[in-house]
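Visitor: Pasting a predicted model and its sequence here:
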Amino acid sequence: MIEKISNFGWRYRAIPPQKLHFTATYYPPASDFEPEPSDGELTFQDFCLHSGWKFAGSNGPLQVFYTDQPDPLPIHAEPTEELRMIRKIARKGLPFGFFMLIISLFGTYGGLATAVFEPIRFWANSSGLYGWIAWCVLLIYFGADLFTYFRWMRRAKQAAGQGEFLPSPGCHKILLAGLCLVGLGLLFYLLSLIHQPFILLIFFILILYMAFLCLAVNGIKKFLKKKKVSARLNLVLTLAADLLLALGMMIGLTFGLIRLAGNGALSLSQLQAPLFLTQLTSLEESEV
């Protein structure tokens, strides 16, 4: 049984075996920054309970319910009403989807331009090659996600006019394939940095930096929720803390790396390529 839903995953608990039906719906006014469910959200959950659907968990607008009825009625009897709820939530995420699509398009185009006009630089730069793979994965995923949504919405409107709800497809296979490709590319990228410990150190420091920043910001949000801070104030304070932490930590990391390089603990000479043209020919470096 679902016990808790969060941005970092879903937590479950063991229950006796039984046949249950689950459904997911949305309550648009709800927010992940709310200290506790609003009266409207509780009223919505009570309405679902009277319809036979027991509350399992929520994460902001997302509401998950379950029932042991063999042939349960849907929470929204009218497909048009359920479609309206989905469109209301989708409008909040569409700007981000289009933004990522445009950014990944530019990133993919930049990598292709380098591959065409400067092929040696493209294939010799492991970080650039891995970055291009990541941009391609983002472009394919967000392009497929937006295309699937708009195609489904057009068909769902027609089905709702006939009193039917069209099940929504997803891009899970594309997402999993993209994650596998990015993970494999990351492995080869790390292997290419074995002879460049300075770059490898910076890479792992940035990974730890991002992980700590995410955990810290999420902890601040939870702390403010426990203190019963309003959703709007919580959002403002969390964003402000995010910006200050990100800026402060980046300044600290940059200063620390400069100090290490100045003390001789880290040498910028490690940034040199592991193979030189003079090693492949009999020419002296001054003749090349």
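Guide: Thanks, I have it.
Visitor: Could you pull up the residues touching Leu239?
Guide: Listed by C-beta atoms under 8 Å, 6 or more residues apart in numbering, Leu239 has no contact partners. To be clear about C-beta, it is placed using only N, CA and C from the backbone, and glycine gets the same treatment.
Visitor: can you pull the pLDDT of it?
Guide: On pLDDT, Leu239 comes in at 91.
Visitor: What segments of the stretch 51-200 of the chain are strands?
Guide: 54-59, 62-67 (DSSP state E, counting those that start in this stretch).
Visitor: winner for burial among the ones you listed?
Guide: Most buried of the strands of the stretch 51-200 of the chain by mean neighbour count (mean count of other C-beta atoms under 10 Å) is strand 62-67; its value is a mean of 19.
Visitor: Buried residues in stretch 183-203, which are they?
Guide: By neighbour count on 16 or more other C-beta atoms under 10 Å, the buried set for stretch 183-203 is Gly185, Tyr189, Ser192, Leu193, Gln196, Phe198, Leu200, Phe203.
Visitor: about what we covered before: how about CSV for the strands of the stretch 51-200 of the chain, with mean pLDDT and distance to Pro16 added?
Guide: Converted to CSV, the strands of the stretch 51-200 of the chain look like this (pLDDT from 0 to 100; distance: least, C-beta to C-beta, whole Å):
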stretch, mean pLDDT, distance to Pro16
strand 54-59, 91, 15
strand 62-67, 93, 14
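Visitor: of all the ones you listed, which lies closest to Leu233?
Guide: Checking the strands of the stretch 51-200 of the chain against Leu233 by C-beta to C-beta gives strand 54-59 as the closest, at 20.2 Å.
Visitor: Going by neighbour count, which residues of stretch 31-50 are buried?
Guide: Ser31, Asp32, Phe33, Glu34, Pro37, Glu41, Phe44, Gln45, Cys48.
Visitor: quick revisit: so among the buried residues of stretch 183-203, where is pLDDT lowest?
Guide: Out of the buried residues of stretch 183-203, that is Phe198, at 75.
Visitor: Okay, Leu186 and Ser127: tell me how far apart.
Guide: 11 Å (C-beta to C-beta, to the nearest Å).
Visitor: What about Glu118, how many residues nearby?
Guide: Other residues near Glu118 number 13, with proximity taken as other C-beta atoms under 10 Å.
Visitor: Let me see the confidence value for it.
Guide: Reading off the model, Glu118 has pLDDT 86.
Visitor: Low-confidence ranges, the chain, go.
Guide: Applying pLDDT under 70 to the chain picks out residues 261, 264-288.
Visitor: Can you give the domain ranges for it?
Guide: 2-75, 77-192, 195-288 (automatic domain parsing).
Visitor: end to end, how far does the shortest one reach?
Guide: To tie it back to what came earlier, the one meant is domain 2-75. 19 Å (C-alpha to C-alpha, to the nearest Å).
Visitor: from the chain's centre, how far out does that domain sit?
Guide: 23 Å (C-alpha atoms, centre = their mean, to the nearest Å).
Visitor: mind starting the numbering at 39 from now?
Guide: All set: I'll call the first residue 39, so the last point we hit is now domain 40-113.
Visitor: The helix or strand where Phe261 lies: which residues count as buried?
Guide: Element membership for Phe261 (DSSP states H and E) is helix 235-264. Neighbour counts over helix 235-264 (16+ other C-beta under 10 Å) mark Phe236, Leu238, Phe241, Tyr247, Leu251, Val255, Ile258, Lys259, Leu262, Lys263 as buried.
Visitor: now Glu79, nearest residue through space, not along the chain?
Guide: Ala68 (5.1 Å; C-beta to C-beta, 6 or more residues apart in numbering).
Visitor: hang on, the one you found is in a strand, isn't it?
Guide: No. With DSSP: H, G, I helix; E, B strand; the rest coil as the criterion, Ala68 is coil rather than part of a strand.
Visitor: Give the burial count for it, as a bare number.
Guide: 20.
Visitor: Nearest to Val274, out of the strands of the stretch 89-238 of the chain?
Guide: Each of the strands of the stretch 89-238 of the chain was scored for nearness to Val274 using C-beta to C-beta, and the closest is strand 92-97 (20.6 Å).
Visitor: Can you tell me the strand partners of the closest one and which way each runs?
Guide: strand 100-105 (antiparallel) (DSSP bridges).
Visitor: what comes into contact with the strand it pairs with?
Guide: For strand 100-105, contacts defined as C-beta under 8 Å, 6+ apart pick out 39-40, 43, 58-65, 68, 82-83, 86, 90-96, 113.
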